[in-house]
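Asker: pasting a predicted model and its sequence here:
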Amino acid sequence: MDYEMKNGKMTNYRWLICGMLFLATTINYMDRQVLSLTWKDFIAPEFHWTDADYGRIAAIFSIVYAIGNLFSGRFMDWIGTKKGYLWAIGIWSLGACMHAFCGVATAEWLGLEGKEDLINAVGTSTAVIASVSAWFFIVCRIVLGLGESGNFPCAIKVTAEYFPKKDRAFPTSIFNSGSTIGALIAPICIPLIAKFYGWEMAFIIIGALGFIWLGLWVFIYKKPEECASVNKAELAYIQQDEEIVEEEETNEKPIPFAKFITFPQTWGIFLAKFITDGVWWFFLFWTPAYISDVYGLKTDNPTAMLLIFVLYAITMLSIYGGKLPTIIVNKTGQHPYDARLKAMFIFTLFPLLTLFAQPLGAYSYWFPIILIGLAGAAHQSWSANLFSVGSDLFPKKAVGTMTGINGMAGGISSFLINWISGYLFDYADQTQMHFLGFQGKPAGYFIIFCYCAVAYLLGWLVLKSLVPKYKAVQG
């Protein structure tokens, strides 16, 4: 249907809303990246952390994020997207800023004078400092994780409000690319802030960005049917699915939470996310440490900053991943779900390249960076479409809850890969472990890379097995 011919020229307010979701996701990922970019070279020397200490902190953040997703999705369905986003970003911005005070809190707790006493400690006292400081950071990560868990359930729900089903993967890929942009900007600015102003200021400055976003959201967001900036043509375009299922949508009732576990659609999405999401979180949380451990390049080194920048610049290719299902639908006339599965299979092939990251890294650090970047782009394309699968298969009133379940699966996946990685890398270093020609920490990294390579193919097979054809969930 030509919505402009019927109702006049269409406004494009939905894309401004999409831009706000993009900014929120960018800030979200910058906030969580501050620790990964500062711990190895700025925080660990002060608090005497090991890889296991950092892995435990990252893992607990991930499990809190996972649990938070489960409840935040339901919370968003109940409170609505405008208020829900205000709560989410307000809490995570507070949590981000709280990190800056962990050093002061550790010194006060242990009765020390300040940073110099922490750095100059020797013997068994270093283990005490590491343990106490880690717990203060864990508290801050819990607050951060609870707030950040609301971002994707709310963003997906807003997308379902402002875009018809056939278009949702593209705006999802746009706002989801905020995670890439956040990761792209972070290595340029955060190490420099930490170097010249202290790691504490990195948390405060980046955390404050969320409060600025809050002020914009209050004035910009309204539901499309209540927004004066959305004209009749755009509203008709947004609500084209409702034209087909108007009566069903009018009588739609919330799905009881316990009923979600009875749907194969729930398990297909959950397991596909669980198997794959840890890969992205591993790249996000451990790439700076990988560059430092394997190549001796600290995060404030210009070469290290360039490497991480290039890696995430490559992942920006993912923005085309959200467009691919629409292209397939337009060319073949396939159902959007079938087109989405076909596109997602294509994305499973690129992470296989990470099998060569560690071997080729012996020749140049650019090889693993480029291959990880391509795998990251594939992940973001995969993730955008997997989020859209939830909005395809579930009614609008259940989208927030399903996205929360989706996010919980990703958080559990991240918890496991971060916890295991921290202990694996310490063990590999201490025992000089051998694996397929590599020794020490490089051997540990290669083990994780092998999993990253095959995870997406396995996740796709699980989703295809449980939901082989489009079948909408009926409450």
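Answerer: Yep, it's here.
Asker: buried residues, stretch 259-273. List them.
Answerer: Going by neighbour count (16 or more other Cβ atoms under 10 Å), the buried part of stretch 259-273 is 260, 263, 265-273. Backbone N, C-alpha and C define where each C-beta goes, glycine included.
Asker: ok, now which ones touch Ile372?
Answerer: By Cβ atoms under 8 Å, 6 or more residues apart in numbering, the residues touching Ile372 are 283, 287, 311, 354, 357.
Asker: and the helix or strand containing Leu16, how far from the chain's centre?
Answerer: Taking DSSP states H and E as the definition, one finds Leu16 inside helix 13-38. In this view, helix 13-38 has its centroid 10 Å away from the chain centroid, taken as Cα atoms, centre = their mean, to the nearest Å.
Asker: and the helix or strand that contains Ala272, how far from the chain's centre?
Answerer: Assigned by DSSP H and E, Ala272 belongs to helix 264-295. Put simply, helix 264-295 sits 9 Å off its chain's centre (Cα atoms, centre = their mean).
Asker: ok, now stretch 427-437?
Answerer: Distance, centroid of stretch 427-437 to centroid of chain: 30 Å (Cα atoms, centre = their mean).
Asker: what is the end-to-end distance of that stretch?
Answerer: 17 Å (Cα to Cα, to the nearest Å).
Asker: mind listing what's buried along it?
Answerer: Using 16+ other Cβ under 10 Å as the test for burial, stretch 427-437 gives 428-429, 433, 435.
Asker: now, which of those residues sits nearest Asn330?
Answerer: Phe435 (46.2 Å; Cβ to Cβ).
Asker: please name the bridge partners of the closest one.
Answerer: On the basis of DSSP bridges, Phe435 is bridged to Phe438.
Asker: who are the contact partners of it?
Answerer: 428, 443-444, 446-447.
Asker: can you select the buried ones from those in PyMOL?
Answerer: In PyMOL, this line selects whichever of those come out buried by 16+ other Cβ under 10 Å:
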select buried, resi 428+443+444+446+447
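Asker: go through the contacts of Phe435 and say which is closest to Ala377.
Answerer: Using Cβ to Cβ, the contacts of Phe435 come closest to Ala377 at Phe446, 21.5 Å.
Asker: name the element that closest one belongs to?
Answerer: helix 441-466.
Asker: between that helix and helix 264-295, how many degrees?
Answerer: For helix 441-466 against helix 264-295, the angle by axes from the mean of the first three to the mean of the last three Cα atoms, to 10 degrees is 170 degrees.
Asker: how near is the closest residue to Gly411 other than its chain neighbours to Ser72?
Answerer: In space, and not counting its chain neighbours, Gly411 is closest to Ala66: 2.4 Å by Cβ to Cβ, 6 or more residues apart in numbering. Per Cβ to Cβ, to the nearest Å, Ala66 is found 11 Å from Ser72.
Asker: looking at these two, which is more packed in?
Answerer: Set Ala66 next to Ser72 and count neighbours by other Cβ atoms under 10 Å: Ser72 wins out with 30 against 24.
Asker: surely that one is in contact with Ala88?
Answerer: Yes: in this structure, Ser72 is within contact of Ala88 by Cβ atoms under 8 Å, at 6.9 Å.
Asker: find the residues that touch each one of the two.
Answerer: In contact with both Ser72 and Ala88: 149-150, 154, using Cβ under 8 Å, 6+ apart.
Asker: give me the subset of the residues you listed lying in helices.
Answerer: Judged by DSSP state H, the subset of the shared contacts of Ser72 and Ala88 located in helices is Cys154.
Asker: how about the helix or strand where Ala107 lies as CSV, C-alpha atoms only?
Answerer: Under the criterion DSSP H and E, the helix or strand holding Ala107 is helix 102-110. Written as CSV, here are the backbone C-alpha positions of helix 102-110 (Å, rounded to 0.1, in the frame of the first residue of the first chain):
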residue,chain,number,x,y,z
CYS,A,102,36.0,2.4,44.9
GLY,A,103,39.6,3.5,45.6
VAL,A,104,38.6,5.8,48.4
ALA,A,105,36.3,3.2,49.8
THR,A,106,39.0,0.5,49.8
ALA,A,107,41.5,2.7,51.6
GLU,A,108,39.0,3.8,54.2
TRP,A,109,37.8,0.2,54.8
LEU,A,110,41.4,-1.0,55.3
